[in-house]
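J.: need coordinates for the below:
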Amino acid sequence: MTSPNNSEYARVDNLLQSARMGDATALGTLFGLYQNYIRLLAASQIRARLRVRASESDVVQETLLNATRGFSEFRGTTGGEFVTWLKAILTRRIQTLIQTHVDAQARDVRREVSLETVGKWLDQSSVRLENFLIASDRSPGSQLANHERSVRVANALAQLREDHREVLMLRSIEGLGFPEVAEQMERSHGAVRMLWLRAIEALRDILDVENER
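T.: Numbering: from 1, shown residues only. Below you'll find the predicted structure:
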């Protein structure tokens with residue numbers, strides 16, 4: 001599986017224009033560019049906020065389905081505006097999941113989870129993604145916008161093997177300490193630390209390849 005390259009992101013404005021004119025293929029291409037990013041944001045919130053397991057794939061599918069149905073309401077013209085719009089749709093979906101799945105004992109807390117609060121959570125995840133890229137990328141002088149750089153991390157993470165992706169999600173995206181990561185992954189503290197270092201190196205290798213494309 002390969003991730004979109006810089007030239008594909010340069011086409012986003014043209015794809016948006018074509019999608020507005022009813023080109024379903026262009027709209028599908030746009031969703032493909034940002035699908036891993038939306039999946040990563042969804043996963044970070046599902047794991048951190050919900051007390052029952054929810055399918056991040058279902059959340060992504062529902063988010064993109066709602067985006068397809070509501071695309072005529074999108075008024076932006078740039079990739080950044082498109083990402084912001086997709087995040088707003090994801091925010092509403094995450095809020096609904098929280099309202100549905102938080103157990104009955106937390107009803108008072110559940111009422112306080114507003115769209116604004118969920119939006120802030122997603123923004124925090126986006127910032128951690130951007131910081132993670134800066135720390136991981138050996139060639140950080142990219143001309144990509146911040147949101148596109150975050151998308152690069154999401155696409156690179158999607159190419160990692162499962163345990164590498166898991167340890168990076170827990171440690172570097174969700175910000176858990178190594179003891180918590182070890183507990184969740186059911187491994188020793190030392191094994192998790194070594195796995196994390198290897199995962200970082202694997203991610204850097206992928207980003208190096210992407211920098212050459």
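J.: show me where pLDDT drops low in this protein?
T.: 1-10, 47-54, 101-147, 211-213 (pLDDT under 70).
J.: at which residues are the strands of it located?
T.: With strands called from DSSP state E, the chain shows none.
J.: what ranges do the helices span in it?
T.: Listed in chain order, the helices of the chain (DSSP state H) span 6-10, 12-20, 24-49, 56-69, 79-101, 107-111, 115-136, 146-158, 162-168, 178-185, 189-211.
J.: what's the most buried one of those?
T.: helix 146-158 (a mean of 22; mean count of other C-beta atoms under 10 Å). To be clear about C-beta, it is placed using only N, CA and C from the backbone, and glycine gets the same treatment.
J.: by contact count, what packs against it?
T.: On a contact count with 3 or more C-beta pairs under 8 Å, 6 or more residues apart in numbering; DSSP states H and E, helix 146-158 meets helix 24-49, helix 79-101, helix 115-136, helix 162-168, helix 189-211.
J.: name the helices or strands packed onto the last one?
T.: Counting by 3+ C-beta pairs under 8 Å, 6+ apart, the packing neighbours recorded for helix 189-211 are helix 115-136, helix 146-158, helix 162-168, helix 178-185.
J.: from memory Lys87 sits against Ala42, does it?
T.: No - the pair Lys87 and Ala42 fails to qualify as a contact (C-beta atoms under 8 Å) at a distance of 10.3 Å.
J.: would you enumerate the residues in contact with Gly190?
T.: Contacts for Gly190 (C-beta atoms under 8 Å, 6 or more residues apart in numbering) come out as none.
J.: against Glu183, how distant is it?
T.: Plainly put, Gly190 is 14 Å away from Glu183 if you go by C-beta to C-beta, to the nearest Å.
J.: surely Thr84 is in contact with Gly76?
T.: Yes - when contacts are counted by C-beta under 8 Å, Thr84 is listed as touching Gly76 (7.3 Å).
J.: how about TSV for the helices and strands packed on helix 146-158, with distance to Glu62 added?
T.: TSV is the format used below for those (distance: least, C-beta to C-beta, whole Å):
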stretch	distance to Glu62
helix 24-49	10
helix 79-101	6
helix 115-136	15
helix 162-168	22
helix 189-211	28
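J.: quick check: which of those is nearest to Glu56?
T.: helix 24-49 (4.5 Å; C-beta to C-beta).
J.: which other helices and strands does that closest one contact?
T.: Using 3+ C-beta pairs under 8 Å, 6+ apart: helix 24-49 touches helix 12-20, helix 56-69, helix 79-101, helix 115-136, helix 146-158.
J.: now with 10 Å?
T.: In terms of contact count using 3 or more C-beta pairs under 10 Å, 6 or more residues apart in numbering; DSSP states H and E, helix 24-49 is assigned the packing partners helix 6-10, helix 12-20, helix 56-69, helix 79-101, helix 115-136, helix 146-158.
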